[in-house]
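Trainee: Below are the sequence and a predicted model; questions follow.
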Amino acid sequence: MKQAFNQDLSELEEEWKWFKNHEKKFKDLRDQKLAHIDVAKAGQSYELKKAPGPEWGVDKEAMQRLIRIAELLLTILQKQDDGFDQCVELARQDARDFWEI
């Protein structure tokens, strides 16, 4: 049990390193897209300037890693190895059971 826990923590640490290595791309996206809206005057009107974000491959990998992080956290918190999909299905079943009462 302790060995599995340590392995899960090690995997979480590796995932965190990936996000730290790509931090600038996501911070730039936040700054340009979410925190500040850049506009440019085009004739008599203003237009939003397109802000470059992370490349599609980085976005896709980030989502896959976030799912893996969620699965690892679920494993650590529930002390059992369930996939994220299984946890979502169990939560849906719990919700159906709750609302049928």
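Mentor: Cool, got the structure. Since the model is a prediction, treat every value here as computed from it, not as a measurement.
Trainee: by contact count, what packs against whichever strand or helix holds residue 19?
Mentor: Using DSSP states H and E, residue 19 sits in helix 2-21. Helices and strands touching helix 2-21, by 3 or more C-beta pairs under 8 Å, 6 or more residues apart in numbering; DSSP states H and E, are helix 56-78. For the C-beta atoms, the positions are set from N, CA and C on the backbone; glycine is no exception.
Trainee: just checking, next helix/strand downstream of the helix holding residue 19?
Mentor: helix 23-29.
Trainee: who does that next one touch, helix- and strand-wise?
Mentor: With 3+ C-beta pairs under 8 Å, 6+ apart as the test, helix 23-29 has no helix or strand packed against it.
Trainee: Which positions in it come out as buried?
Mentor: For helix 23-29, burial by neighbour count (16 or more other C-beta atoms under 10 Å) applies to 25, 29.
Trainee: distance between it and the chain's centre?
Mentor: On the basis of C-alpha atoms, centre = their mean, to the nearest Å, helix 23-29 sits 14 Å off its chain's mean C-alpha point.
Trainee: hang on, the earlier thing: what angle do helix 56-78 and the helix holding residue 19 make with each other?
Mentor: Orientation of helix 2-21 against helix 56-78 (axes from the mean of the first three to the mean of the last three C-alpha atoms, to 10 degrees) gives an angle of 150 degrees.
Trainee: and helix 2-21, what's its mean pLDDT?
Mentor: The average pLDDT within helix 2-21 is 87.
Trainee: what do you get for stretch 77-96?
Mentor: 71.
Trainee: Tell me which residue is most central in this protein.
Mentor: residue 66 (3.9 Å; C-alpha atoms, centre = their mean).
Trainee: Can you name the residues that contact it?
Mentor: By C-beta atoms under 8 Å, 6 or more residues apart in numbering, the contact set of residue 66 is empty.
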